[in-house]
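Colleague: What follows is a protein structure lacking sequence information:
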């Protein structure tokens with residue numbers, strides 16, 4: 001539980017009673033009170049912190065209250081390149097919104113590079129998502145930018161209706177659009193290679209982006225998050241968006257077989273399609289052949305309590321593809337990532353594959369058709 005608090009993800013609280021053990025919270029929608037490390041910033045200026053900078057030149061970053069180690073100015077804008085991690089803010093929807101940006105050391109502004117948006121779970125932060133997934137390490141190896149947005153009150157308006165802990169007036173789609181445009185103005189980003197991934201409620205948010213921003217987001221990769229009944233019933237877009245879905249069969253919060261998301265103190269969390277049903281929705285949306293092919297992921301970690309298999313549907317419109325990783329015995333966790341909560345609470349973390357690396361490999365082969 002301590003680790004869950006440290007990385008800014010919500011704890012999955014255990015309530016011990018005479019009736020047994022009850023899950024009372026969680027990364028999908030848990031409302032357990034935690035020390036998330038999230039700062040409710042009310043000013044436009046936010047401190048910038050960096051790691052792994054490539055030069056020693058100290059430069060004041062526009063929109064920041066401090067100085068940071070920076071490289072040469074990017075050709076896409078006037079702000080200097082800040083390598084490694086830096087925190088920023090922007091105005092969107094009448095609110096000051098914050099985000100963590102990671103720029104790989106190979107970026108020099110000479111060519112367009114991909115951008116990956118990584119959304120945290122309920123109660124989490126962008127910083128926590130970075131720690132959970134080590135996606136920044138993958139970015140450094142492969143030369144893409146990754147941004148970890150912060151949700152208002154540590155949540156996302158993901159398209160489910162009537163959620164008790166979500167303000168329906170919060171425009172997270174608009175925030176995402178503004179964030180992409182902001183980064184495109186400051187960095188050389190390939191508009192056809194912008195992708196979204198997320199954990200738990202962050203995964204739910206990915207589906208909404210597939211519906212509402214298919215002109216900007218090329219592919220999505222939700223982990224421990226399924227397509228909600230509300231969004232599936234109101235999916236107005238017909239644009240193909242490639243999907244990679246990773247889902248554990250023993251997830252205690254988001255049911256692999258579909259149905260109601262685990263409730264907390266009677267609060268509404270909505271209902272979801274099953275993992276195969278969510279994949280089938282995108283198979284139809286993308287125009288893929290309905291017959292998929294399944295291969296087993298080598299069981300390289302014999303003691304992790306989980307195994308995995310990948311089902312793929314290829315040959316969709318404009319090169320779209322759908323992949324479903326079924327993690328048998330896997331919990332509400334990020335394969336290859338941190339075991340942020342005890343196994344008895346969140347379920348085991350599969351170690352047979354690295355979700356962050358697999359997600360990037362999928363993204364890298366699925367640009368949006370220009």
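Modeller: Looks like it came in fine. A quick note: this is a predicted structure, and the numbers were derived from the prediction, not measured. Numbers count the residues shown, from 1 in each chain.

Colleague: quick one: low-confidence parts of the stretch 101-250 of the chain?
Modeller: Along the stretch 101-250 of the chain, segments meeting pLDDT under 70 are nowhere present.

Colleague: Which residue ranges of this structure form helices?
Modeller: For the chain, the helices defined by DSSP state H occupy 2-6, 126-133, 135-142, 172-186, 201-212, 229-232, 275-286, 343-346, 355-364.

Colleague: can you redo those helices as CSV with mean neighbour count?
Modeller: For the C-beta atoms, the positions are set from N, CA and C on the backbone; glycine is no exception. Listed next are the helices of the chain as CSV, based on neighbours: other C-beta atoms under 10 Å:
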stretch, mean neighbour count
helix 2-6, 18
helix 126-133, 25
helix 135-142, 20
helix 172-186, 19
helix 201-212, 28
helix 229-232, 19
helix 275-286, 21
helix 343-346, 18
helix 355-364, 22
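
Colleague: Output those helices in a markdown table; the columns should cover distance to residue 153.
Modeller: Formatted as a markdown table, these follow (distance: least, C-beta to C-beta, whole Å):
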| stretch | distance to residue 153 |
| --- | --- |
| helix 2-6 | 17 |
| helix 126-133 | 14 |
| helix 135-142 | 23 |
| helix 172-186 | 11 |
| helix 201-212 | 12 |
| helix 229-232 | 20 |
| helix 275-286 | 26 |
| helix 343-346 | 22 |
| helix 355-364 | 26 |
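
Colleague: Looking at those, spot the one closest to residue 243.
Modeller: Evaluated over those, closeness to residue 243 peaks at helix 275-286, with 4.2 Å, by C-beta to C-beta.

Colleague: can you give me the angle that closest one makes with helix 201-212?
Modeller: Counting by axes from the mean of the first three to the mean of the last three C-alpha atoms, to 10 degrees, helix 275-286 lies at 20 degrees to helix 201-212.

Colleague: Give me the contacts around helix 275-286.
Modeller: The contact list for helix 275-286 (C-beta atoms under 8 Å, 6 or more residues apart in numbering) reads 207, 210, 226-227, 232, 235, 238, 240-243, 245, 247, 256-258, 272-273, 288, 290, 292, 311, 313, 316-317, 320-324, 326.

Colleague: Ok, stretch 299-314 next?
Modeller: With C-beta under 8 Å, 6+ apart as the test, stretch 299-314 has contacts from 248, 250, 279, 283, 286, 288-297, 321-331, 335, 343, 348-353.

Colleague: What is the end-to-end distance of that stretch?
Modeller: The first residue of stretch 299-314 is 24 Å away from its last residue (C-alpha to C-alpha, to the nearest Å).

Colleague: which of the residues in that stretch are buried?
Modeller: Residues of stretch 299-314 classed as buried: 301, 304-308, 310-313 (neighbour count, 16 or more other C-beta atoms under 10 Å).

Colleague: can you put those in CSV and add pLDDT and distance to residue 136?
Modeller: Output for the buried residues of stretch 299-314, formatted as CSV (pLDDT from 0 to 100; distance: C-beta to C-beta, whole Å):
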residue, pLDDT, distance to residue 136
301, 97, 23
304, 96, 23
305, 95, 27
306, 98, 25
307, 98, 28
308, 98, 24
310, 98, 25
311, 98, 29
312, 98, 27
313, 98, 30
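
Colleague: In strands only, show me those.
Modeller: 307-308, 310-313 (DSSP state E).

Colleague: Just the closest of the residues you listed to residue 132, please.
Modeller: Among these, and counting by C-beta to C-beta, the member closest to residue 132 is residue 308, at 18.3 Å.

Colleague: mind checking how far the closest one is from residue 359?
Modeller: Distance of residue 308 to residue 359, computed by C-beta to C-beta, to the nearest Å: 14 Å.

Colleague: still on that earlier bit, of the helices of the chain, which approaches residue 148 most closely?
Modeller: Comparison of the helices of the chain against residue 148 by C-beta to C-beta identifies helix 126-133 as nearest, at 3.1 Å.

Colleague: what's that closest one in contact with?
Modeller: Outside helix 126-133, the residues touching it (C-beta under 8 Å, 6+ apart) are 7-9, 36-37, 85, 98-100, 102, 118-121, 124, 135-136, 146-150, 198-199, 202, 334, 337-338, 340, 355-356.

Colleague: For ChimeraX, write the select line for the buried members of those.
Modeller: Filtering the contacts of helix 126-133 down to the buried ones (16+ other C-beta under 10 Å) takes a single ChimeraX command:
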select :7,8,9,36,85,98,99,100,102,118,119,120,121,124,135,136,146,147,148,149,150,198,199,202,334,337,338,340,355,356
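
Colleague: who does the longest strand along the chain pair up with?
Modeller: For the chain, the strand with the greatest residue count under DSSP E is strand 189-199. In the sheet, strand 189-199 lines up against strand 113-119 (parallel), strand 219-223 (parallel) (DSSP bridges).

Colleague: Report the inter-axis angle for that strand versus helix 135-142.
Modeller: Going by the same axes, to 10 degrees, strand 189-199 makes 150 degrees with helix 135-142.

Colleague: Since that was my last question, I'll sign off now.
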